[in-house]
Structure formats: structure tokens, C-alpha cells
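Colleague: The following block contains a protein sequence and its predicted model.
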Amino acid sequence: MSRHYVLAVDQGTTSTRCLVFDQRARLTGQAQREHTQHHPRPGWAEHDAAEIWRIVQAVVPAALRDAGIGVEQVAALGIANQRETVVVWDRRTGAPIGRAVVWQDTRTTELVTEFAAAPGADLVRARTGLPLAGYFAAPRLRWLLDTTPGLRERAERGEVLFGTMDTWLIWNLTGGPDGGAHLTDVTNAGRTLLMDLSTLSWDPDLLRFFGIPAAPLPRIVPSAGTFGTARAVLPGVPLAAAMGDQHAALFGQTCFSPGDTECTYGTGGFLMVNTGADRVDSTHGLLTTVGYQIDTDPVFALEGPIAVTGSLVQWLRDNIGLIATASEIETLAGTVGDNGGCYLVPAFSGLYAPHWRGDARGLLIGLTSYVTKGHLARAALEATAWQTRDVVAAVEADSGLRIPELRAAGGMTADNLLMQIIADVLDIPVQRPLVAETVSLGAAFAAGLATGYWPDLEGLRRNRRVAAQWRPRMDPAVRASEYENWRRAVELTFGWWRPASR
């Protein structure tokens, strides 16, 4: 039987999905299941890696059933994953050692401060293109090594394995304790603070700086290629791609040329612009990263992660009770024509790009007796737009590029008012793709490209279709005034959090 489909497993922060695509990049089947969010202390965020693996084992066959196909019709499998989340497990049994520490977790704030004051701290950005921040994986690994009894000794003896979620899934899919492949791709390795962007390999100096042994680390490989053959869940199917979720979104939006820009709006917002073969070192608070690597040469990118976008709507729903469902935010915000003078800065656990202020905390300012629920809803949507504007301004300052359009994706793009607000504050068109699941599509594209299912990048471009577009219509003077007010509000969030005195 011919193999006419490519599968993508998208292991995200709140759920895991499996999607089935045909040769025209049409979605033909899918399944999704949420996993438990563990918050044992304020600022801590954890996942049960074993639960996530069980969910993968459930959603893949469910997606096949939804598509009405069998395993023998699958040409390749690609993986996209939440980045920076750290998993440690026993090499012999495959059992996770404790819970995975999630990218949103802030427990390493004081540890990062100590690292920043240590000799050699400047080496981190110079080698990795990233700031020394608790957002990335290395501080989490060091924290686990320092606080888990016996873990450092076991790691040095090679009894445990380290990895991000891609590594955990690849290892289990290809055999687990019985010869599973211990691999990670360059996009995930590049988010650890341990990979040298120049060599695309683990850097011995950085390993020494963070005090992390090399033995448990996975081998770094390109984003597409031969990762192995699945032995579990999809026996016999080539596992041919893995990318961090935002890199997969860049690829899924066919951002193959310098200046092409996409932003995925989910729990957080992640804007990434292709800078081509040239590494652009940011001086404006962005991350220099590998966008993807298909052949021998990597394609670089600048990225601006925003910590809180969709989760702000969830907070208004679940914690505040302003709305009953997430979709109501658009209706409520649409009852007013502006924010009524109030601004909401969702620095719940600090601010990410371009500010990188772990000491910032959330702020609602400009309240008067005039402000209504509609104004608060509008301010919440504008918070996502203005945070995007902050990042776009930094991209243009770093790269010298003028971004012609923004290719948006993610669950928040269903909010038409939000898309119009983003177009207004950026003063460029915003596009929503016909296939909204661009993270999954990117993983599928890379896997299909590696196995010959799709012939080349141009063939992938032909599969991209735009569902809707929004053009700016805000008065330039209003845009300038509102942006200045937003920047003033952001500055007021700085320095609120302070470590507890000892």
C-alpha cells in the first residue's frame, strides 16, 4: 500500500497533539489530549514526562483512526516540542527522575543571578547567542543536579540521560531502554545555553561554567534527516524530523527567505524572523538562534519570546471571572472603541524579550471610574499587540530589515479583533494561514522533505495558503501616542519583585 501521509506529533506546554497531513498539506486527521500542570510552589511549573509519553501512545493511533488510515500508509513522522523544558530519566529503566521542569518555571532566578556574577559569564551570550536567563535549560539542569540526591554522581557514571521533550519522545519511540536513540536537533540544543552556535556542538567551556557533565547529554543532529525508525506506536515508520515548536512554526509558515517573519500566539507569543545564513547578534534584547537545519548549513533567526499572551485570556477567565469562555474576550472587547485609558502589562513571572526583566510583575494602570469590563478586555488584547510591537522594533533595529508582513498562527488568531489590533499597532499586514496548526505542519514539512515525500522548499511554498489578511487602519498619531503610554506602563513594572531577605 502506498504511503500517502505524514504525521506530526506536537508536544506542547498544555497538551500533546497528533496531526495527519496529505501531500497537499491538508489536515486529514487529528487527536489531542491535555496533560496535568503541576505547580508545587509559587513560580514553579512541572510536567510528568511519563504521563506525556502515555498520551503520545494514545493520540497517535487516535489520529490514524480519525484519518481512516493505517500505520502502513504513513511515510514519515516529525516531532515538534515545547522548548527548554528539561527531563532527566534512568537509562536502564526509562523512568523519569522527578518531574520535568517546564520552560515557564522561575525557581532558578537566584541561581542565574549567581551565574551572572561569576567569572566567564560573558562567554554564554558570545557562544550561544542567548542571554544568561532562567528561561533556558542549563540552569534547570544545574538546579536538578544540585537538589536531587545522588543525581550528579549517577550522571557522571552515565546512569541517567538528559534531554528536552524531543529527546524524551525520540528515545521512547525508537526503543527506549532497548536501544532507543538519544538525540536532539540543533534548534532544541541551541536553547540550552550549552551549544556553540558556531560549531553546533556542546561547548566544553559552557559545560564547565554551568557544572553540567557531558555524558548524559544527547547527540546533536540536523532538524531533518534519519533519526531512526519507530519501534513503538508507529512501528516501521521513519522518524525524520524534530524541531522546537517555534522553529517548526517558522518552517511551517514557509519562512525560507531572510526577512520572512512569523509569530505564534499560544500560551505565550513567539516571534521569529529568518536572517538567512548570517548569524545576527542582538543588541536589543532578542535571541540569536538556529531557525532550522535541513542540510549541512543552518539557517539562523532572531527570536523574541513573549511570556504571556493566550494565558492572559485564561487568567481573566479562570482567576478573575471577567469572561466565561476564552472566545468571549473578542465580543467583550468589541463593545468599546479603545482601552479607555487603561493598560495591562502581564508580567506575571517577569518580562521576556526585549526587556528580560525577571524582577517585573504584572500591572494594570490608568484606571478611572470611566473604565468598564469592555475596556479591560480591550487592554488585554492590546497587551499582546504592544508586546509584539516591542519585539518587532527590536528585530528591525538589530537586523536592519523592514518586516513587510507578519504571518500569525496559533489559537489566538481565531480572534479577528486581535488580528486587526496587531496590524494597527505594527502598521503592516497580518496574515492568518488556512492551516492554523503551523507548528505541526512545520514538523510534517521537515519530515516529508527528509524522506522525499515533498521534493524541495519550493514545493512546500506552493502548499502555503492564506485564509485571511488584516491591513492597518489606525491613525499614525494615535499609534505613536498609545505606544508611548504602553512603554511608560512597562517601565513601571520593573523592580517590583525582590528576593526574600536571608
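Modeller: Yes, it's here. Numbers count the residues shown, from 1 in each chain.

Colleague: What count of nearby residues applies to V336?
Modeller: 17 (other Cβ atoms under 10 Å). Heads up, the C-betas are built off the backbone N, CA and C, glycines and all.

Colleague: One more: R125?
Modeller: The burial count for R125: 16, using other Cβ under 10 Å.

Colleague: where does it fall, phi/psi-wise?
Modeller: phi -70, psi -40 (degrees, to the nearest 10).

Colleague: What are the buried residues along the strand or helix carrying T331?
Modeller: For T331, the host element (DSSP states H and E) is helix 328-333. Going by neighbour count (16 or more other Cβ atoms under 10 Å), the buried part of helix 328-333 is I329, E330, L332, A333.

Colleague: next one: stretch 426-434
Modeller: For stretch 426-434, using 16+ other Cβ under 10 Å, the buried residues are L426, I428, V430, Q431, R432, P433.

Colleague: per-residue confidence for the first one?
Modeller: So the one you mean is L426. We have a pLDDT of 97 for L426.

Colleague: you'd agree it is up against V392?
Modeller: Yes - taking contacts as Cβ atoms under 8 Å, L426 lies within contact range of V392: 5.8 Å.

Colleague: Quick check: neighbours shared by those two?
Modeller: Residues touching both L426 and V392 by Cβ atoms under 8 Å, 6 or more residues apart in numbering: I403, L406.

Colleague: quick one: low-confidence ranges for the protein?
Modeller: For the chain, the stretches with pLDDT under 70 are 1-2, 499-502.

Colleague: do that again at 80, thanks
Modeller: 1-3, 295, 498-502 (pLDDT under 80).

Colleague: wait, what's in contact with L19?
Modeller: L7, A8, D10, L27, G29, Q30, A63, E437, S440, L441, A444.

Colleague: Backbone dihedrals for it, please?
Modeller: The phi/psi pair for L19 (degrees, to the nearest 10) is phi -120, psi 140.

Colleague: thinking again about what came up before, list buried residues within the contacts of L19.
Modeller: So, by 16+ other Cβ under 10 Å, the buried ones in the contacts of L19 are L7, A8, D10, L27, G29, Q30, A63, E437, S440, L441, A444.

Colleague: give me phi/psi at the residue of the chain most remote from its centre?
Modeller: If you look at how far each residue of the chain sits from its centre, by Cα atoms, centre = their mean, the farthest one is S369, at 38.7 Å. Main-chain torsions, S369, degrees, to the nearest 10: phi -70, psi -10.

Colleague: how close does it sit to R462?
Modeller: Distance of S369 to R462, computed by Cβ to Cβ, to the nearest Å: 56 Å.

Colleague: Kindly report the same for G225.
Modeller: Taking Cβ to Cβ, one finds G225 at 23 Å from R462.

Colleague: From the contacts of L19, which land in helices?
Modeller: A63, S440, L441, A444 (DSSP state H).

Colleague: Which members of those define the maximum pairwise distance?
Modeller: Spatial extent of those (Cβ to Cβ) is set by the pair A63 and L441 at 14.1 Å.

Colleague: and the ones in helices among the contacts of L19 as JSON lines, adding distance to S257?
Modeller: As requested, the ones in helices among the contacts of L19 are exported to JSON lines (distance: Cβ to Cβ, whole Å):
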{"residue": "A63", "distance to S257": "32"}
{"residue": "S440", "distance to S257": "22"}
{"residue": "L441", "distance to S257": "18"}
{"residue": "A444", "distance to S257": "21"}
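
Colleague: check contacts around P213.
Modeller: P213 neighbours (Cβ under 8 Å, 6+ apart): R152, A155, E156, L207.

Colleague: So which of the residues you listed wins on neighbours?
Modeller: Neighbour-wise, the contacts of P213 (other Cβ under 10 Å) top out at A155, 24 neighbours.

Colleague: In CSV, could you pull the C-alpha coordinates for whatever helix or strand it lives in?
Modeller: Using DSSP H and E, A155 sits in helix 151-156. Extracted in CSV, the C-alpha atoms of helix 151-156 (Å, rounded to 0.1, in the frame of the first residue of the first chain):
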residue,chain,number,x,y,z
LEU,A,151,21.8,12.7,40.7
ARG,A,152,25.2,14.2,40.0
GLU,A,153,27.1,11.0,40.8
ARG,A,154,24.7,9.0,38.7
ALA,A,155,25.0,11.4,35.8
GLU,A,156,28.8,11.3,35.9
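
Colleague: Lovely, talk soon.
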